[in-house]
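S.K.: make a model of this:
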Amino acid sequence: MAVFILKRLLMMAATMIVASFIVFSLMEFTPGNVASKTLGPYATQEQKDILYDKLQLGDPLLERYFRWVGVLSGVIEDPVQDPELNLGFTDPRGDQYFGNFGWSAKYRVPVNDVMWGKLGNTLILAGIAFAIIVPLSLVFGVLAGMREGSILDRTLSYTGITLTSIPEFASAVFLIAILVLWLGLLPGTANMQDFEQWSWASQMVLPVAVLVIYDFGYVARMVRGSMVEVMTRPYIRTAVLKGLPYRQVILKHALRNALIAPFTVILLQIPFLITGVVVTETIFGYPGFGRMLLESASFGDITLVEAATLVAVFIAVSTQLLGDIGYMYINPRIRFT
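M.R.: Numbers count the residues shown, from 1 in each chain. Below is the predicted model:
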């Protein structure tokens, strides 16, 4: 087990290194030089020239990448915060620390002051949605899969296909039209601020509902399909013929084996709910991670885009590691080396 986790951690580190180089290279080759993109559109040409020399942007790409990694890891001082540049960039954490992603050109503050707060907001939204999606999907998927072809099974299949095929923006507009404009029951925005009429909890209802509607059908159908397959296995028929109570057959023999395949699907919802909810956050004005990434990319804030992309990759590879470990507990027959 320890050897397996160590190997996976080394693979995660290699993945992060490759991803960081790709992201850095792509940002370097976008229109305009790094000095101009770092300072933003309102900096003078003199400031851009000074920063260009300070960052040594004329050096080969590989050298610039290693300097960037050095700043990120805290080995090298952040050149942007050099007082001689007179740019006013001062990070309260200092100019040399681990996790220094640089300075945001859009927000004019250190990237860490922006990104982690936005990520925290998205984690709240994703956590609430995930806590609703998973139990609902498991319950309805298992019940439908227990009796293939029943009314519940057909209803879940049709409903799941319908909900999954509806884009997030369409369900969001529909819910806003009914619950906000027509009935006036809920606010149409979710900016994480309390108003006299609408509490924080009421603002979360519509964004969470959109994510649940979009994701529930897909996960429930995966659980249902796996349950249907398991119910046809010989060991299930043997357990029934031996006279075991049907409930015991489902809980002790069918359920655990049926969760092996959907386990990956369920875990894949974590990266989606954290980094893939750009549409939902944008429609409701939610100050989250996905909306921040979209706005920073539109503005050309390369440091914030680089940092957010690396965080998204880290979440994805961490989820994969959790999935591999989870397989070992769900099915003891699986052994990793």
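S.K.: ok, now which ones touch Thr319?
M.R.: Residues near Thr319 by Cβ atoms under 8 Å, 6 or more residues apart in numbering: Leu267, Leu268, Ile270, Pro271. The C-beta positions use only the backbone N, C-alpha and C, and glycine is treated the same way.
S.K.: the same query, at a cut-off of 6 Å, please.
M.R.: Leu267, Ile270, Pro271 (Cβ atoms under 6 Å, 6 or more residues apart in numbering).
S.K.: before we move on, what about Val114?
M.R.: By Cβ under 6 Å, 6+ apart, the neighbours of Val114 are Ser104, Tyr107.
S.K.: okay, and it sits in which element?
M.R.: Following DSSP states H and E, one finds Val114 within helix 111-146.
S.K.: same question for Thr309.
M.R.: helix 302-330.
S.K.: got it, and Val23?
M.R.: Taking DSSP H and E as the definition, Val23 sits inside helix 2-28.
S.K.: now do the buried residues in that helix.
M.R.: Residues Arg8, Met12, Ala19, Ser20, Phe21, Val23, Phe24, Met27, Glu28 are the ones in helix 2-28 that count as buried (16 or more other Cβ atoms under 10 Å).
S.K.: tilt between that helix and helix 302-330?
M.R.: 160 degrees (axes from the mean of the first three to the mean of the last three Cα atoms, to 10 degrees).
S.K.: elements contacting helix 2-28?
M.R.: When contacts are defined as 3 or more Cβ pairs under 6 Å, 6 or more residues apart in numbering; DSSP states H and E, helix 2-28 packs onto helix 61-73, helix 302-330.
S.K.: among the contacts of Thr319, which are located in helices?
M.R.: Leu267, Ile270, Pro271 (DSSP state H).
S.K.: now, of those, which are buried?
M.R.: Ile270, Pro271.
S.K.: low-confidence stretches in the chain?
M.R.: Across the chain, the ranges flagged by pLDDT under 70 are 1, 31-33, 37, 39-43, 194-196, 331-337.
S.K.: what are the contacting residues of stretch 24-35?
M.R.: Lys48, Leu51, Tyr52, Leu57, Tyr65, Trp68, Ile302, Glu306.
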